[in-house]
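Asker: pasted the sequence and its predicted model underneath.
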Amino acid sequence: MTVANVTLGMPPRDAGRGRAAGRAGGLAWLLLLGWPLWSWFGTAPGAGVVVWVLAAVALFAVCWLNIMWRTFSVGKPSTWALIGLPVTAAALLPALGPPWAYVSFVFVVSTLAAALTGAAFAAATAATVVVEVVALVAQGVSFGGIWWVPIAVVAQATAVHSMLRMGILLARLDAARAEVAQLAVENERLRFARDLHDILGHTLTTITIRSQLAARLAHTDPDRAAREMTDVERSARQALDEVRHAVSGYRAPALSEELDKAARGLRLAGIELEVSPADGPIPAAAETLLAWAVREATTNVLRHSRARRCWIDLRVDATAATLEVRDDGSPATGADGGPPAGETQDGLPAVGGTQDGLPGLGRSAGGTQDGPSGLGRSVGGAWDGGQRPGSGLTGLAERLTQAGGRLEVGRPPGGGYRLYARVPLAVTP
């Protein structure tokens with residue numbers, strides 16, 4: 001057990017000041033040696049004895065300084081210092097007498113606390129008490145000068161041990177606080193990345209479809225093409241506003257708004273939508289999660305399904321709210337198992353080489369509908385085999401899992417694709 005751990009996780013300046021203060025305090029304790037030395041010099045010792053005692057006291061001081069310096073740094077005290085200090089303390093007891101016994105135990109106990117823990121520290125403290133008492137009795141000290149020594153040694157040992165333990169606990173607390181702060185930053189980054197994908201994915205898909213439609217109508221129906229491009233501009237401005245909202249703070253989607261967007265987008269793509277509303281009210285927190293699920297499911301239908309019909313079914317019971325999104329899509333495949341050359345799975349020309357036209361947000365055009373393993377279980381069929389999880393479904397699964405819900409995606413036996421989200425009414429914060 002060392003005090004070096006006290007500086008873990010602290011700012012460098014504070015840690016440096018703490019180490020300097022600890023070392024200065026350890027140096028100040030050496031002033032206590034002046035009392036036994038002053039008393040001993042009053043006995044007029046011989047020159048040889050003076051040289052021996054001063055050399056032993058110097059060694060004692062060097063051991064103490066090494067222990068304090070190393071204890072208040074990144075290393076452990078040197079073994080020679082840990083052994084040398086109690087040995088020289090015991091050796092000086094006959095020469096310096098009771099004053100040395102009254103002072104030396106402070107240094108010995110502090111050294112033992114820096115080197116030992118638990119039962120070993122308790123045993124060493126008891127041995128120190130025995131040595132001190134025996135030395136004082138041998139030098140003729142009466143009971144009145146001895147009775148308090150065991151109490152003082154035990155009190156010193158308890159105080160030093162407690163301070164070291166408190167320092168280590170504070171260091172762990174400080175390190176845990178720093179880790180929590182780091183996790184908070186990482187969680188916020190994940191939230192922002194997830195929200196950015198969810199916000200932009202749907203809007204950019206709509207922009208892509210409208211742009212492609214306008215390009216096809218440019219020669220046959222210029223007026224309608226112009227109207228579609230006006231809507232493209234409006235969608236782009238909406239995407240910009242949503243990104244600004246995401247940057248400035250969290251913006252939760254509304255379920256009714258997402259259902260309206262889904263109806264407009266699917267109608268534009270020629271997909272008939274049928275919505276079955278919930279029988280009762282859905283709490284705001286659960287509604288927000290279902291709104292994210294509607295957005296992600298609609299985006300996937302538009303991008304990948306080649307569907308003609310889509311069904312959105314909302315239900316609520318005493319414990320949870322559920323969303324089921326199904327389509328009758330059957331993605332076309334080319335010779336390599338993907339869509340026909342030059343087309344995405346929604347039958348439109350490929351744009352930008354990725355599903356959503358942005359790097360890192362999707363797979364290369366021609367992948368099948370997002371059906372990752374690890375996000376739930378397949379419903380009556382297999383997963384879309386061999387594919388990595390899509391960013392949108394991964395983020396949606398994370399949202400639902402954090403709230404105590406679950407996400408299931410897969411191909412039902414009758415064909416098409418199914419996304420099922422269940423959210424408890426009492427959403428876990």
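Answerer: It's in.
Asker: and the helices in the protein, which stretches?
Answerer: Per DSSP state H, the chain carries helices over the ranges 12-29, 34-41, 47-71, 79-115, 118-138, 148-217, 222-248, 255-268, 284-300, 391-402.
Asker: just give me the residue closest to the centre of the protein.
Answerer: L183 (2.8 Å; CA atoms, centre = their mean).
Asker: and E186, how close does it get to F192?
Answerer: E186 is 11 Å from F192, where distance means CB to CB, to the nearest Å. (Each C-beta comes from the backbone N, C-alpha and C, glycine too.)
Asker: and those two? which has more neighbours close in?
Answerer: Taking other CB atoms under 10 Å, E186 and F192 do not tie; F192 has more neighbours (13 against 10).
Asker: tally of neighbours for V301?
Answerer: Residue neighbour count, defined by other CB under 10 Å, stands at 29 for V301.
Asker: per-residue pLDDT, it?
Answerer: Looking at V301, its pLDDT stands at 88.
Asker: got it, and P86?
Answerer: The predicted local confidence for P86 is 89.
Asker: give me the low-pLDDT residue ranges for the stretch 151-300 of the chain?
Answerer: Within the stretch 151-300 of the chain, the stretches with pLDDT under 70 are 188, 191, 198-199, 244-252.
Asker: do that again at 90, thanks
Answerer: Across the stretch 151-300 of the chain, the ranges flagged by pLDDT under 90 are 151-258, 260-262, 264-271, 278-286, 288, 292, 295-296, 298-300.
Asker: rewinding a little: tell me the most buried of the helices of the chain?
Answerer: Of all the helices of the chain, helix 284-300 has the most neighbours on average by mean count of other CB atoms under 10 Å, namely a mean of 24.
Asker: which helices and strands sit right next to that helix?
Answerer: helix 148-217, helix 255-268, strand 309-316, strand 320-327, helix 391-402, strand 417-424 (3 or more CB pairs under 8 Å, 6 or more residues apart in numbering; DSSP states H and E).
Asker: between the ones you listed, which gets nearest to E274?
Answerer: strand 309-316 (5.1 Å; CB to CB).
Asker: now the helices and strands packed on helix 284-300 in a markdown table, with distance to V108?
Answerer: Shown next, in a markdown table, are the helices and strands packed on helix 284-300 (distance: least, CB to CB, whole Å):
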| stretch | distance to V108 |
| --- | --- |
| helix 148-217 | 9 |
| helix 255-268 | 72 |
| strand 309-316 | 72 |
| strand 320-327 | 66 |
| helix 391-402 | 55 |
| strand 417-424 | 62 |
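Asker: distance check, G265 against D221.
Answerer: Noted for G265: a distance of 20 Å to D221, by CB to CB.
Asker: now V87
Answerer: 102 Å.
Asker: likewise A284?
Answerer: 43 Å.
Asker: out of the helices of the chain, flag the one nearest V316.
Answerer: Short answer: helix 284-300, nearest of the helices of the chain by CB to CB, at 8.3 Å.
Asker: got the angle between that closest one and helix 255-268?
Answerer: Interaxial angle of helix 284-300 relative to helix 255-268 (axes from the mean of the first three to the mean of the last three CA atoms, to 10 degrees): 10 degrees.
Asker: next, the angle strand 417-424 makes with helix 284-300.
Answerer: With the same axes, to 10 degrees as the basis, helix 284-300 and strand 417-424 are set at 170 degrees to each other.
Asker: next, the angle from helix 284-300 to strand 309-316.
Answerer: Going by the same axes, to 10 degrees, helix 284-300 makes 170 degrees with strand 309-316.
Asker: got the domain boundaries for this structure?
Answerer: The chain breaks down into these domains under automatic domain parsing: 3-179, 254-429.
Asker: quick one, which of those domains gets closest to A214.
Answerer: domain 254-429 (11.3 Å).
Asker: other residues contacting stretch 96-110?
Answerer: Contact partners of stretch 96-110, identified using CB atoms under 8 Å, 6 or more residues apart in numbering, comprise 29, 32-33, 35-37, 39-40, 53, 60, 64, 67, 85-86, 89, 92-93, 125, 128, 132, 135-136, 139, 141, 145, 149, 152-153, 156-157, 160.
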